[in-house]
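# Just to be clear, the model below is a prediction. Sequence and coordinates:
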Amino acid sequence: MNLLLATIELRPYVFIFLAAFLFISIVNYGAGTTILFTALTYSVSLACEWSSVHNGFPFGLYHYIQATRGRELWIAGVPFMDSLSFTFLGFASYTVALLAASPLYRRGADLRILDTRKIRRSPRVWLMAALFMVMVDMAVDPLSVRGDRWFLGRIFWYDSPGPHFGVPISNYLGWFFVAAIAVAIFQTLDGWMNQGGRRPFGACPSFPSRALLGPALYLGIVGFGVTMLFSIGADEIAWASVFLYLPLLALMLHIVTRPESYGDAGAIERHLNDFPHDAPSFPEHARIINERQSRAS
């Protein structure tokens, strides 16, 4: 427990992102899905990091420096905070993909997505989310390699430094591998635990613009990485990251401002058929659907 508290004190930024993820995920998907996803994804990422340290799969061979042993929590030779980050990165990437793939709904300043179970579990959302997670690492890993220049500290080194600012391509392939597993875990848990019309425990359908919270977390993680790159004088990497994310940012702005992105009454009905607990967010449409169902019965 002392090491866990010391880890939170030493790596507060990781636990701020973690806390934001837990809140956003519970509000949108419920506590059960969130807790199981966190535990399973952490276990998968820890196993993959342990494997990479010992035999180079899937991230390529790298080595942790034991400098913070005794100052923060380590599990099986891997810093606890390192594997933990895969949970909120995978979730945030999934929410960006879901926003890009779903019809939208706006009432005043309240923006929502009209997703369905089919959209949530679609291969296109799975693939986009995995790729978006790799994009985060293309800014974060070159920053982590230079940990001695900021408060992360030098905690690891690659056996063979790679062509992307010292990061080997195998690392990004490994991240895609783990991201694909993490997103598949979330899709499966969401489909399994949130069946039927009941509201998931802890979910808050009335929370305004809750569909934007996950993408905002993604943007915050990216912004943190790019800001730190500029702050340590790694301007070439920082600008490369800016130009990597500008097209994605432009695409997302295009989606949320394009009138054709917003669903009609049919899209709302399909959404409510799969998630009837969301009806308070669409009171007028929910009333029409209920009247139609009453007449049919």
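Noted; the coordinates are in hand.

# Let me see the ranges of the helices in the stretch 101-250 of the chain.
117-120, 123-145, 169-193, 213-231, 235-257 (DSSP state H, counting those that start in this stretch).

# Next, format those as CSV and append mean neighbour count, distance to D110 and mean pLDDT.
C-beta coordinates here come from the backbone N, C-alpha and C atoms, glycine included. Conversion of these to CSV gives the following (neighbours: other CB atoms under 10 Å; distance: least, CB to CB, whole Å; pLDDT from 0 to 100):
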stretch, mean neighbour count, distance to D110, mean pLDDT
helix 117-120, 17, 20, 96
helix 123-145, 21, 23, 97
helix 169-193, 19, 22, 96
helix 213-231, 19, 12, 97
helix 235-257, 14, 13, 96
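
# mind putting these in CSV, distance to R154 included?
Formatted as CSV, the helices of the stretch 101-250 of the chain follow (distance: least, CB to CB, whole Å):
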stretch, distance to R154
helix 117-120, 40
helix 123-145, 9
helix 169-193, 17
helix 213-231, 15
helix 235-257, 17
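
# Quick one: closest of the ones you listed to D274.
Evaluated with CB to CB, the helices of the stretch 101-250 of the chain place helix 117-120 nearest to D274, the distance being 4.8 Å.

# Distance of the nearest residue to V145 once chain neighbours are set aside relative to G147?
Spatial nearest neighbour of V145, chain neighbours left out: G166 (4.8 Å); criterion: CB to CB, 6 or more residues apart in numbering. Going from G166 to G147 by CB to CB, to the nearest Å gives 12 Å.

# re earlier: the residue nearest to V145 bridge partners, please.
As for beta bridges, G166 partners with G162 under DSSP bridges.

# Next up, phi/psi of Y262, please.
Backbone torsions of Y262, given as degrees, to the nearest 10, read phi -90, psi 130.

# Distance of it relative to S170?
To S170, Y262 is 42 Å away according to CB to CB.

# Kindly report the same for H164.
11 Å.

# wait, what's in contact with the most centrally placed residue in the chain?
For the chain, A92 is the residue whose C-alpha lies nearest the centre (CA atoms, centre = their mean; 2.1 Å). Residues counted as contacts of A92 (CB atoms under 8 Å, 6 or more residues apart in numbering) are 21, 136, 214-215, 217-218, 221.

# Turn these into a markdown table, including distance to D235.
A markdown table is the format used below for the contacts of A92 (distance: CB to CB, whole Å):
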| residue | distance to D235 |
| --- | --- |
| F21 | 30 |
| V136 | 20 |
| G214 | 30 |
| P215 | 27 |
| L217 | 26 |
| Y218 | 23 |
| I221 | 20 |
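
# Closest one of the residues you listed to D278?
G214 (16.1 Å).

# Please tell me I have it right and the closest one contacts L89.
No: the pair G214 and L89 fails to qualify as a contact (CB atoms under 8 Å) at a distance of 11.3 Å.

# Spit out the residues that contact these two alike.
Between them, G214 and L89 share no contacting residue, judged by CB under 8 Å, 6+ apart.

# I'd like the distance between the residue lying closest to L61 once chain neighbours are set aside and I75.
Counting by CB to CB, 6+ apart, L61 lies nearest to D159, which is 4.0 Å off, once chain neighbours are set aside. The spacing between D159 and I75, counted by CB to CB, is 22 Å.

# With T257 instead?
For T257, the distance to I75 equals 44 Å [CB to CB].

# now swap in T33 and tell me
Taking CB to CB, one finds T33 at 23 Å from I75.

# Quick check on those two: which one has the bigger neighbour count.
T33 (25 against 14; other CB atoms under 10 Å).

# And that one, which helix or strand is it part of?
Here T33 sits within helix 31-55, counting by DSSP states H and E.
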